[in-house]
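*Asks:* got a structure for you, letters missing:
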C-alpha cells in the first residue's frame, strides 16, 4: 500500500474522481491544489488502445511545445569535422565523435537529448543497450539523426519533445511547469494531445485514446474529457 503525503491527501479532497473535466478546467484545478515547495512539472498521462508488442501498432513521434518545457535541456551531439564546429557554435552541451562515444560507454549520461549525424550511427550503434532504454538513442524518425545539426539543436532548445508508447500502452510526458500561465499550459497540452491523436496507427480500429490524465509532480491527477 502506497503511503501518501499530507499534501497529496489534501489535494485529493478537491478532486471529484467520478467526473472528467475539460483541459482548461483541469488546469485551473491543478493551479489550486496544495502547492509543493518547488516549481512542479505538469504532465500528461495517456492510456492508448494499442498492442505495443505489434510492430504496426508502435506509437512514436515528436512535438514542439509552443512555450517549451520550462526545463534546461542538456544536448549531446555526436559528430565530426565541420559539424562539430557548428554544434559548439550552437551551444550544444557536449560535442564529439568517437571520444564522446567512448565517454558514454564508460558511464557518462549527463544529458537529456542526443543528436547524431548519419555517418556516426555505425559507431554509435554499440551504445544501443545504454541509450535505448533511456530514450536517448538518436533516430531519423524523431529528427535526431540529421546532417542539419543546427536546426536539430535549435528545435530541442525551443521545446521539441519525443513521445513513445511504453509496454503497458501508456504515454507520459511533461507539458510545462506549474508556474506557467493557464494559457501557456493549455496551448502546450493541446498541442501534445493533437500530435498523439495524429500518431494513431492505421491498423488500430475504434477508439484510440482510452483516457488522459493531467497532473503536477507529487500530486493526484485529473481525468480529461476528450
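*Replies:* The structure has been received and is ready for your questions. Computed from a prediction, not measured in an experiment: that's the story for all the values here.
*Asks:* so residue 95 touches residue 81, yeah?
*Replies:* No. The pair residue 95 and residue 81 does not pass the contact test of Cβ atoms under 8 Å, sitting 11.4 Å apart. Heads up, the C-betas are built off the backbone N, CA and C, glycines and all.
*Asks:* more neighbours, the two?
*Replies:* Just comparing residue 95 and residue 81: by other Cβ atoms under 10 Å the higher neighbour count belongs to residue 95, 24 against 10.
*Asks:* show me where the chain has strands.
*Replies:* For the chain, strands defined by DSSP state E occupy the ranges 41-48, 60-64, 75-78, 94-96, 113-116, 160-164, 170-177, 209-216, 222-223.
*Asks:* Please tabulate these in TSV and include mean pLDDT as additional columns.
*Replies:* Output for the strands of the chain, formatted as TSV (pLDDT from 0 to 100):
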stretch	mean pLDDT
strand 41-48	95
strand 60-64	90
strand 75-78	97
strand 94-96	97
strand 113-116	96
strand 160-164	89
strand 170-177	94
strand 209-216	94
strand 222-223	92
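*Asks:* Now render these as JSON lines, adding distance to residue 137.
*Replies:* Compiled in JSON lines, the strands of the chain are given as follows (distance: least, Cβ to Cβ, whole Å):
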{"stretch": "strand 41-48", "distance to residue 137": "21"}
{"stretch": "strand 60-64", "distance to residue 137": "12"}
{"stretch": "strand 75-78", "distance to residue 137": "11"}
{"stretch": "strand 94-96", "distance to residue 137": "16"}
{"stretch": "strand 113-116", "distance to residue 137": "7"}
{"stretch": "strand 160-164", "distance to residue 137": "11"}
{"stretch": "strand 170-177", "distance to residue 137": "17"}
{"stretch": "strand 209-216", "distance to residue 137": "26"}
{"stretch": "strand 222-223", "distance to residue 137": "33"}
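*Asks:* The ones you listed: which one's closest to residue 146?
*Replies:* strand 113-116 (7.2 Å; Cβ to Cβ).
*Asks:* And the closest one, what does it pack against?
*Replies:* strand 75-78, helix 149-158 (3 or more Cβ pairs under 8 Å, 6 or more residues apart in numbering; DSSP states H and E).
*Asks:* cutoff 10 Å now
*Replies:* strand 75-78, helix 81-89, helix 98-105, helix 121-124, helix 149-158, strand 160-164 (3 or more Cβ pairs under 10 Å, 6 or more residues apart in numbering; DSSP states H and E).
*Asks:* before we move on, the earlier item: quick one, which of the strands of the chain is nearest to residue 135?
*Replies:* Closest among those, once you apply Cβ to Cβ, is strand 160-164, at 6.7 Å.
*Asks:* Domain boundaries for this protein, per the record?
*Replies:* Using automatic domain parsing, the domain parsing of the chain gives 16-68+161-223, 75-156.
*Asks:* Can you get me a residue count around residue 152?
*Replies:* Burial of residue 152 is recorded as 26 neighbouring residues (other Cβ under 10 Å).
*Asks:* ok, it touching residue 118?
*Replies:* No. At 12.0 Å, residue 152 does not count as touching residue 118 under the criterion of Cβ atoms under 10 Å.
*Asks:* Identify the contacts common to the two.
*Replies:* 138, 145-146 (Cβ atoms under 10 Å, 6 or more residues apart in numbering).
*Asks:* Now do the same contact list for the residue lying closest to residue 117 once chain neighbours are set aside.
*Replies:* Counting by Cβ to Cβ, 6 or more residues apart in numbering, residue 117 lies nearest to residue 79, which is 4.5 Å off, once chain neighbours are set aside. Counting by Cβ under 10 Å, 6+ apart, residue 79 makes contact with 85-87, 92, 95-97, 100, 115-120, 147, 149.
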